[in-house]
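Q: from the sequence below, what's the structure:
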Amino acid sequence: MWDLLWVAAASGLAGCVDAIVGGGGLILVPALFATYPAAAPASLMGTNKGGAIWGTAWAAGQFARRVQLRWAALGPAVGAALLGSFVGAWTLTQVHADSLRRALPFVLAVILLYTLARKDLGRVHAPRLAGRAEAVAAGLIGLCIGFYDGFFGPGTGSFFVFLFVRVLGYDFLNASAAAKLLNTATNAAALALFIAKGHIWWQVAAVLAVANVAGSLLGTRLALRHGAGFVRGVFIVVVGALILKTGWDAFGR
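A: The predicted model follows:
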């Protein structure tokens, strides 16, 4: 019972962070592995997806009601993200991700330094592309980061946010809203694979889902109330934490 309450609390906090800027897996995944050390990793990852997808989907719905999403570009991007995640998950069954694990902290460090250097980055919503060009660019982002999420995963939401800001010219609030939409698709693809393989604890996932949605509700309200500047600040904190976590995972053990 106490174990379940602990991971439920972690799921709520993860939902809050994930709704603002992504990175909720940084909280929930370690909590699951620490609480159930004898469990199969695939079962814990499947249970994580089974709980987290509901908070991400809830946040996507809340953002869609209050932020003017650019559906002409994001619709195809969702399909591309779904496809990319399926292909990435399949690729993971064929090769190891060790080289990517070691490169990730350095990639995240470049993103963090770039964001800190460009103090105006993502503060103003000024889309650079329109029509087919925007749809193609958003689709490529969805396909590439979707593949990454299916193949490896850490920091997926933050990668989505950064690329929507840097490539498409969205502010951090609109980028976060778009990221929730695509991240829901990538999570759904991964979850379908875990379910097909029987790697999910349904009872635990149900509790995590309720807590995750509650945290997502809080995070969405904070992001909408405080705007792009607040989301940018949380983005910097989360990416910094991801650098430390992924660096330790790659080199500290």
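
Q: only C-alpha atoms from now on, for both contacts and neighbour counts.
A: Fine.

Q: show me what the lengthiest helix in the chain is packed up against.
A: Determined from DSSP state H, the single longest helix within the chain is helix 202-247. Counting by 3 or more CA pairs under 8 Å, 6 or more residues apart in numbering; DSSP states H and E, the packing neighbours recorded for helix 202-247 are helix 2-21, helix 41-66, helix 98-117, helix 172-196.

Q: C-terminal to the longest one, what's the next element?
A: Same thing as helix 41-66. The element immediately downstream of helix 41-66 (helix or strand, assigned by DSSP states H and E) is helix 71-92.

Q: can you give me the mean pLDDT across that following helix?
A: Computed over helix 71-92, the mean pLDDT rounds to 91.

Q: could you give the angle of it to helix 172-196?
A: Helix 71-92 runs at 40 degrees relative to helix 172-196, counting by axes from the mean of the first three to the mean of the last three CA atoms, to 10 degrees.

Q: report the buried residues of helix 71-92.
A: Counting neighbours by 16 or more other CA atoms under 10 Å, one finds that the buried residues in helix 71-92 are 73-91.

Q: distance between that helix and the chain's centre?
A: Between the centre of helix 71-92 and the centre of its host chain there is 14 Å, according to CA atoms, centre = their mean, to the nearest Å.

Q: over to stretch 3-18?
A: Taking CA atoms, centre = their mean, one finds stretch 3-18 lying 15 Å from the centre of the chain it belongs to.

Q: now do the contacts for residue 85.
A: With contact set as CA atoms under 8 Å, 6 or more residues apart in numbering, residue 85 has these partners: 143, 145-151, 186, 189-190.

Q: at 7 Å instead, please
A: Residue 85 sits next to 146-147, 149-150, 186, 189-190 when contact means CA atoms under 7 Å, 6 or more residues apart in numbering.

Q: likewise residue 81?
A: Shown in contact with residue 81 (CA under 7 Å, 6+ apart): 142-143, 146, 182, 185-186.

Q: picking up where we left off before, pick out the shakiest of the helices and strands packed on helix 202-247, pLDDT-wise.
A: For those, the weakest mean pLDDT is recorded on helix 98-117, namely a mean of 87.

Q: name the helices or strands packed onto that helix?
A: If contacts are counted by 3 or more CA pairs under 7 Å, 6 or more residues apart in numbering; DSSP states H and E, helix 98-117 sits against helix 202-247.

Q: give the rounded mean pLDDT of the helix it packs on.
A: Mean pLDDT, helix 202-247: 93.

Q: before we move on, the earlier item: now tabulate the contacts of residue 81 in TSV and tack on neighbour count and distance to residue 59.
A: Listed next are these as TSV, based on neighbours: other CA atoms under 10 Å; distance: CA to CA, whole Å:
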residue	neighbour count	distance to residue 59
142	30	18
143	26	21
146	35	18
182	31	12
185	26	13
186	32	15
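
Q: widest-spaced pair of those residues?
A: Looking at those by CA to CA, the two members farthest from one another are 143 and 185, with 10.9 Å of separation.

Q: how close does residue 141 get to residue 163?
A: Distance from residue 141 to residue 163, counting by CA to CA, to the nearest Å: 7 Å.

Q: also residue 154?
A: 15 Å.

Q: same check on residue 84?
A: Looking at residue 84 against residue 163, where the rule is CA to CA, the gap reads 16 Å.

Q: keeping just the C-alphas, turn stretch 134-142 into PDB.
A: The C-alpha atoms that make up stretch 134-142 are tabulated as PDB, following Å, rounded to 0.1, in the frame of the first residue of the first chain:
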ATOM      1  CA  GLU A 134       5.100  24.400 -41.900                       C
ATOM      2  CA  ALA A 135       3.300  21.000 -42.200                       C
ATOM      3  CA  VAL A 136       6.500  19.400 -43.700                       C
ATOM      4  CA  ALA A 137       8.700  20.900 -41.000                       C
ATOM      5  CA  ALA A 138       6.300  19.900 -38.200                       C
ATOM      6  CA  GLY A 139       6.000  16.400 -39.700                       C
ATOM      7  CA  LEU A 140       9.800  15.900 -39.800                       C
ATOM      8  CA  ILE A 141      10.000  17.000 -36.200                       C
ATOM      9  CA  GLY A 142       7.300  14.500 -35.300                       C
END
